[in-house]
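Enquirer: okay, sequence plus prediction incoming.
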Amino acid sequence: MKTRILWMLPVAVAAAVLFAAIGGASPSGNPAVTNVPTANTKASGYDPSSKLSPELQQIVWAQGSTALENPQGIVTNYGYENDVSSADNKNVPQMLPVPPNATTEAQKTEPDKNTYLVLPPHTQHGPSAGYDYGNHFLYQGHEVGAPDANGHPQGYITRINLDADADHRVTLLASKDDQGNPIAPIDGSTWDPWAQRLLFTTENASAPTYAATLDYPSTVSDVSGALGRGGYEGIQNDSAGDLWIVEDIGGTVKTGSTNAKMPNSFIYRYVPAKPGDLHNGELQVLQVLNAAHQPITFASESTFPSADQIALHTYGNVFDTKWVTIHDTAVDGTASFNANTLAKAKGGTPFKRPENAQFRPGYGFSQFYFDETGDTNATSSENGNPVTGADGVGGWGGLFKLVQSAPTSDTGRLSLFYKGNESVTGLDNVAFLSENDLAAVEDAGDTLHTQRNALDSGYVFDLTVDYSDPQNQPLRWLAQGRDASATLDSANGGYGKNEGDNEITGIHVSNGDSTVNGILGAQVPTLFTKSTSWRWFYTQQHGDNPTYEVIWSPRSSG
């Protein structure tokens with residue numbers, strides 16, 4: 001018997017309790033999951049704690065101050081680099097500004113997308129010879145790094161050893177690639193079971209796309225001769241061994257608008273010569289056709305207001321799509337290339353900063369959902385367009401649904417699943433909690449937090465609900481707070497190097513299956529059942545940079 005959580009929340013009953021079970025049964029069989037009615041307020045000097053649905057709890061597996069068991073140079077801690085040392089101990093970073101000259105602090109590295117794997121016992125090692133690191137691991141790349149002696153930002157890859165003691169909790173897997181170059185700051189990650197490599201994206205068209213071996217020390221290779229370089233963030237396999245990549249690059253302001261940004265990011269599919277080949281294959285870009293069956297391109301989106309942009313963000317519209325090859329190693333060679341430039345030249349369709357995507361489980365990789373962060377500014381002309389009167393034409397972003405007969409199909413159909421608004425916008429990372437429940441988390445940014453007087457939230461969208469009906473709203477499972485470190489950064493411009501308010505990222509639900517049967521979308525998650533192996537993680541970036549696991553509250557276990 002399949003059961004699912006009923007995440008849709010009518011506005012009229014915003015404080016109601018929803019009775020549900022995630023993917024079968026929680027420990028008590030049929031618990032209540034309660035909507036968190038409001039986001040946390042943003043106010044100067046105010047650092048509220050996070051609020052979760054009372055049936056949920058969270059535990060910290062690592063935070064920024066957690067020391068790496070094997071520090072190297074300035075790479076010393078899980079979420080900090082030692083570019084500014086404590087006055088009392090040069091071996092540890094100054095994590096907070098210290099009076100009387102409170103003008104600087106160490107670089108916060110912002111651990112990003114999480115990838116969870118369960119591996120055979122005694123197969124993974126670390127710097128402590130003979131130590132048993134267990135077999136449950138959580139991998140991250142780090143999004144920000146202080147410049148090294150040559151001015152290159154120092155990124156790195158960490159492994160949280162979920163079975164280890166405190167001294168062995170976090171291992172530095174690599175800070176340099178196989179050519180001795182510093183690893184660029186990293187955003188997205190996934191595990192490719194065909195290639196037997198972790199894949200890391202860098203959200204930087206000048207930086208590599210990486211493939212890394214699992215064990216310590218990790219060998220990290222540049223694979224952007226086939227996959228390209230771009231503002232890559234989300235990356236996922238399909239069942240054929242292809243890689244679907246989501247790009248996040250902000251655009252310039254459109255002429256004639258106020259803070260309405262050009263869509264400047266694309267959806268890609270890498271088709272390897274054979275599954276697991278990260279050096280030979282074709283990179284394709286998604287092209288969307290408008291009502292006149294003409295491609296919606298970067299050039300066509302340069303006008304304001306854009307009829308195509310309005311149409312894309314209107315409920316009920318369905319667009320034909322096709323994949324267009326922009327680079328083929330058999331023809332174009334294996335030198336690194338700028339995918340964003342080629343996508344524009346070949347007529348790809350740009351979006352406003354999509355950041356993450358996943359295949360809907362249980363549907364044979366035929367449904368692909370991706371978010372769009374939007375302009376993250378309430379003054380954008382494309383949030384309630386004063387020219388057209390349209391109620392949001394892209395500035396608030398949203399969620400899109402791409403349907404194909406198979407993941408390898410060259411054509412498909414695209415539609416808007418959810419249109420963002422001031423309260424629900426800046427959607428960043430996504431993860432499926434069940435067949436019908438898609439979790440998405442906000443990264444709205446300090447500007448919009450101030451404009452709407454509200455910090456970020458995590459939501460769950462019921463895919464069986466029609467969100468064109470304003471009575472239907474997603475359920476808020478998390479009203480994120482703000483830690484003291486982020487509060488100081490927000491008030492002081494990050495001391496010239498760090499971000500301000502906390503954001504939610506890296507939401508990840510997986511059973512850790514490292515085989516081809518374990519790629520995200522292959523199995524329907526069954527969280528919180530008595531015998532489940534599925535686990536739910538996310539990272540609270542900026543400030544203290546903790547990585548959490550969401551668990552079921554004992555009070556809800558009956």
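Expert: Received, thanks. Numbering: from 1, shown residues only.

Enquirer: mind checking which helix or strand the residue most central in space within the chain is in?
Expert: Among the residues of the chain, the one closest to the centroid is Asn429, at 3.3 Å (Cα atoms, centre = their mean). Asn429 belongs to strand 427-432 when assigned by DSSP states H and E.

Enquirer: and the helix or strand just after that strand, what other elements does it pack with?
Expert: Using DSSP H and E, the helix or strand that follows strand 427-432 in sequence is strand 437-442. Using 3 or more Cβ pairs under 8 Å, 6 or more residues apart in numbering; DSSP states H and E as the contact test, the elements touching strand 437-442 are strand 427-432, strand 457-462, strand 503-510. Using the backbone N, CA and C atoms, a C-beta is placed for each residue, glycine as well.

Enquirer: out of the ones you listed, which gets nearest to Tyr495?
Expert: strand 503-510 (17.8 Å; Cβ to Cβ).

Enquirer: sheet partners, orientation included, of the very next helix or strand once past the closest one?
Expert: Next along the chain after strand 503-510, taking DSSP H and E as the criterion, comes strand 535-541. Using DSSP bridges, the strands paired with strand 535-541 are strand 503-510 (antiparallel), strand 547-552 (antiparallel).

Enquirer: mind listing what Pro208 touches?
Expert: Contacts here follow Cβ atoms under 8 Å, 6 or more residues apart in numbering; on that basis Pro208 touches 177, 184, 202, 222-224, 229, 336.

Enquirer: again with Phe368
Expert: 244, 357-360, 401-404, 407.

Enquirer: just list whatever residues bridge to Phe351.
Expert: With DSSP bridges as the rule, Phe351 is bridged to Ser265.

Enquirer: wait, doesn't it sit right on Ile267?
Expert: Yes. Assessed by Cβ atoms under 8 Å, Phe351 is found in contact with Ile267 at 7.1 Å.

Enquirer: quick one: secondary structure of the residue of the chain positioned farthest from its centre?
Expert: Each residue of the chain has a distance to the centre, and by Cα atoms, centre = their mean the biggest one is for Pro100: 38.1 Å. Following DSSP: H, G, I helix; E, B strand; the rest coil, we place Pro100 in the coil state.

Enquirer: thinking again about what came up before, give me the distance between the residue nearest to the centre of the chain and Thr373.
Expert: According to Cβ to Cβ, to the nearest Å, Asn429 and Thr373 sit 10 Å apart.

Enquirer: hmm, back to that, most tightly packed of the strands paired with strand 535-541?
Expert: strand 503-510 (a mean of 26; mean count of other Cβ atoms under 10 Å).

Enquirer: and the longest strand for this structure?
Expert: strand 318-328 (DSSP state E).

Enquirer: hmm, who's touching stretch 188-196?
Expert: Residues contacting stretch 188-196 (Cβ under 8 Å, 6+ apart): 112-115, 117, 139-141, 197-201, 203, 211, 213-214, 232-237, 241, 243, 246, 272, 275-278, 356, 514-516, 518-520.

Enquirer: just the helices in the protein please.
Expert: 307-312, 329-332, 339-345, 445-452, 484-491 (DSSP state H).

Enquirer: identify all contacting residues around the first one.
Expert: What it means is helix 307-312. When contacts are defined by Cβ under 8 Å, 6+ apart, helix 307-312 is touched by residues 263, 288, 290-291, 296, 300-301, 317, 319, 382, 385, 388, 390, 393-394, 416.

Enquirer: with the third one instead?
Expert: Applying Cβ under 8 Å, 6+ apart, the external contacts of helix 339-345 come out as 205, 227-232, 247, 249, 264-266, 268, 283, 285, 297-299, 326-327, 350.

Enquirer: go again using 7 Å as the cut-off
Expert: 205, 228-231, 247, 249, 266, 268, 283, 285, 298, 326-327 (Cβ atoms under 7 Å, 6 or more residues apart in numbering).

Enquirer: ditto for stretch 453-462
Expert: Outside of stretch 453-462, the residues within contact range by Cβ under 7 Å, 6+ apart are 6-8, 39-42, 399, 418, 424, 433, 436-444, 449, 474-482, 501, 503-504.

Enquirer: quick one: low-confidence parts of the protein?
Expert: 1-32, 384-392, 555-558 (pLDDT under 70).

Enquirer: ok, back up a step: wait, which of the contacts of Pro208 is closest to Thr76?
Expert: Taking these together and measuring to Thr76 by Cβ to Cβ, the closest member is Ala184, at 19.0 Å.

Enquirer: my guess is the closest one meets Ser206, correct?
Expert: No. Judged on Cβ atoms under 7 Å, Ala184 makes no contact with Ser206 at a distance of 8.4 Å.

Enquirer: Thr171: which of the strands paired with strand 535-541 is closest?
Expert: Ranked by Cβ to Cβ, the member of the strands paired with strand 535-541 that lies closest to Thr171 is strand 547-552, at 14.0 Å.

Enquirer: chain center to that closest one, what's the gap?
Expert: 17 Å (Cα atoms, centre = their mean, to the nearest Å).

Enquirer: stretch 289-308 too?
Expert: The chain centroid and the centroid of stretch 289-308 are separated by 27 Å, computed with Cα atoms, centre = their mean.

Enquirer: cool, and stretch 158-172?
Expert: 22 Å.

Enquirer: wait, doesn't the residue nearest to the centre of the chain sit right on Val441?
Expert: Yes. With contact defined as Cβ under 7 Å, Asn429 and Val441 form a contacting pair (5.4 Å).

Enquirer: what residues do the two have in common as contacts?
Expert: Counting by Cβ under 7 Å, 6+ apart, the residues touching both Asn429 and Val441 are 505, 507.

Enquirer: tally up the residues packed near Pro120, please.
Expert: Neighbour count of Pro120, defined by other Cβ atoms under 10 Å: 8.

Enquirer: what's near enough to touch it?
Expert: Asn135.

Enquirer: now swap in Lys261 and tell me
Expert: Lys261 makes contacts with 250-253, 352, 375, as judged by Cβ under 7 Å, 6+ apart.

Enquirer: neighbour-wise, which one of the residues you listed leads?
Expert: Neighbour count (other Cβ under 10 Å) singles out Lys352 as the most crowded of these, with 30 neighbours.

Enquirer: hmm, Phe370 and that one touching each other?
Expert: No. The pair Lys352 / Phe370 is not scored as a contact, 11.6 Å apart, by Cβ under 7 Å.

Enquirer: and the closest residue to His168 other than its chain neighbours, how close does it get to Ile186?
Expert: Excluding the flanking residues, the one nearest His168 by Cβ to Cβ, 6 or more residues apart in numbering is Glu69, at 5.4 Å. According to Cβ to Cβ, Glu69 stands 20 Å off from Ile186.

Enquirer: more crowded one of these two?
Expert: Using other Cβ under 10 Å as the criterion, Glu69 and Ile186 rank with Ile186 on top: 32 against 19.

Enquirer: in contact with the more buried one, which residues?
Expert: Taking Cβ under 7 Å, 6+ apart, one finds 112, 141-143, 155, 200-202 in contact with Ile186.

Enquirer: just give me the closest of the residues you listed to Ser50.
Expert: For the contacts of Ile186, the nearest to Ser50 is Asp112 (18.9 Å; Cβ to Cβ).

Enquirer: between which two of the contacts of Ile186 is the distance greatest?
Expert: Most distant of those, by Cβ to Cβ, are His142 and Thr201, 12.7 Å apart.

Enquirer: who has more neighbours, the two?
Expert: Neighbour totals were compared for His142 and Thr201, and Thr201 leads with 31 against 28 (other Cβ under 10 Å).
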